[in-house]
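**Student:** quick one: sequence plus predicted model below, questions after.
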Amino acid sequence: MPALSFQSVSKTYPAKQAGTAAFRALDQVSFDVQEGEFFGLLGPNGAGKTTLISILAGLTRASQGQVLVHGHNVQSDYAAARRLLGVVPQELVFDPFFTVRESLKIQSGYFGVKKNDAWIDELLDSLGLTDKANANMRQLSGGMKRRVLVAQALVHKPRVIVLDEPTAGVDVELRQTLWQFIAKLNKQGHTVLLTTHYLEEAEALCGRIAMLKRGQMVALEKTSVLLKSATSQVLRFKLDGDLPAAVAAVARVTGRIVQVPVNNALDIETCLNTVRSAGLVAEDVEIRQADLEDVFLEVMNRQQAQSGALA
Ligand SMILES: Nc1ncnc2c1ncn2[C@@H]1O[C@H](COP(=O)(O)OP(=O)(O)OP(=O)(O)O)[C@@H](O)[C@H]1O
């Protein structure tokens, strides 16, 4: 039995006011996550990732389809399904009146878990929160609050850990601490579902990845297969001046850095010639292997071209 099963899940948000249209945020999304997997759910802003996680966590109802957690339906068997899940939300929601330790005790109480002090100490230690155990939640920095949210999600040792952009805006140290700890739990058999915009993290951590675009699933593959499916290499160089249109159409540009997908030596020559013919000089030219960000952009652009063709 899969740890998570999303079966033809659709979600339509009703029109906000008369005259506006209802909005279909998810359209027939189906996939399973097997027990023990580290699974990535990727997609651009507004693709529907948080909506899918809200349905999984029982915070929003699907308009159609169903979601099962170890066979328990998140609507009709909510308590059993919720107990199996540890959800780290994207937004920093917390009660300002309690200390870190108190808030973890209260959260344990919600799940009917008692005498878990040793586990709470381990959570505090693993997430670098021991010094802050008796600090009031409102005294904590944003990064520290996020650590507490992770600890809260894990107090009842859930079999499935769901992380919705847990590293958005957090420093390098927390990222490393968090991933070490989550990877350890995953090795012990906990299933992990992660959404992130940091594709480097997803590439390093996730065994399998689903990509959503405008509420539809556009890719579902092992990470290694996705990487092999990409344009084999990327030509990278620095440039001052306006990129010729033919190169700009296919390039990923970050400041002065230009990255162009290439399949062979001819592609490389053509690209550099086009730049040279425009009177520009490409500096620090190098060729690297494609990474998950290249695959992601390729999948998203392919979808754009297809939907453009259908329109
Ligand atoms: N309560 C709501 N009412 C109406 N529309 C909503 C509601 N919640 C979300 N949406 C819309 O549904 C779409 C999907 O939103 P969602 O938050 O699931 O995307 P996301 O993939 O998590 O994006 P991000 O990466 O920005 O977090 C968006 O267009 C959003 O505006």
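**Tutor:** Sure thing, it's come through. Numbering: from 1, shown residues only.
**Student:** quick one: the residue nearest the centre of the chain from the ligand, how far?
**Tutor:** Note on the chain: the residue nearest the mean C-alpha position is residue 195, at 1.6 Å, using Cα atoms, centre = their mean. Residue 195 sits 7 Å away from the ligand, going by Cβ to the nearest ligand atom, to the nearest Å. For glycine as for every other residue, the C-beta is placed from the backbone atoms N, C-alpha and C.
**Student:** bridging residues for that residue?
**Tutor:** Residues in a beta bridge with residue 195, per DSSP bridges, are residue 41, residue 164.
**Student:** just list whatever residues bridge to the residue of the stretch 201-311 of the chain found nearest the ligand.
**Tutor:** Minimum separation of the stretch 201-311 of the chain from the ligand (Cβ to the nearest ligand atom) falls at residue 212, amounting to 6.6 Å. Taking DSSP bridges as the rule, residue 212 bridges to residue 217.
**Student:** if we ignore the residues flanking it in sequence, what's nearest residue 134?
**Tutor:** residue 99 (5.1 Å; Cβ to Cβ, 6 or more residues apart in numbering).
**Student:** circling back to that earlier point, okay, now the residue of the stretch 201-311 of the chain closest to the ligand: neighbour count?
**Tutor:** Neighbourhood size, residue 212 [other Cβ atoms under 10 Å]: 25.
**Student:** and if you look at residue 167?
**Tutor:** 20.
**Student:** can you start the count at 34 instead of 1 from here on
**Tutor:** Understood, numbering begins at 34; the last thing we discussed is residue 200.
**Student:** so what does it look like in phi/psi?
**Tutor:** phi -110, psi 10 (degrees, to the nearest 10).
**Student:** right, and it touches residue 235 too?
**Tutor:** No: in terms of Cβ atoms under 8 Å, residue 200 does not count as a neighbour of residue 235; the distance is 10.7 Å.
**Student:** shared neighbours of those two, which are they?
**Tutor:** residue 229 (Cβ atoms under 8 Å, 6 or more residues apart in numbering).
**Student:** which residues touch the helix or strand harbouring residue 218?
**Tutor:** In this structure, residue 218 sits in helix 205-220 according to DSSP states H and E. Outside helix 205-220, the residues within contact range by Cβ under 8 Å, 6+ apart are 69, 71, 159-161, 176, 179-180, 183, 187, 194, 196, 199-200, 203, 225, 234, 237-238.
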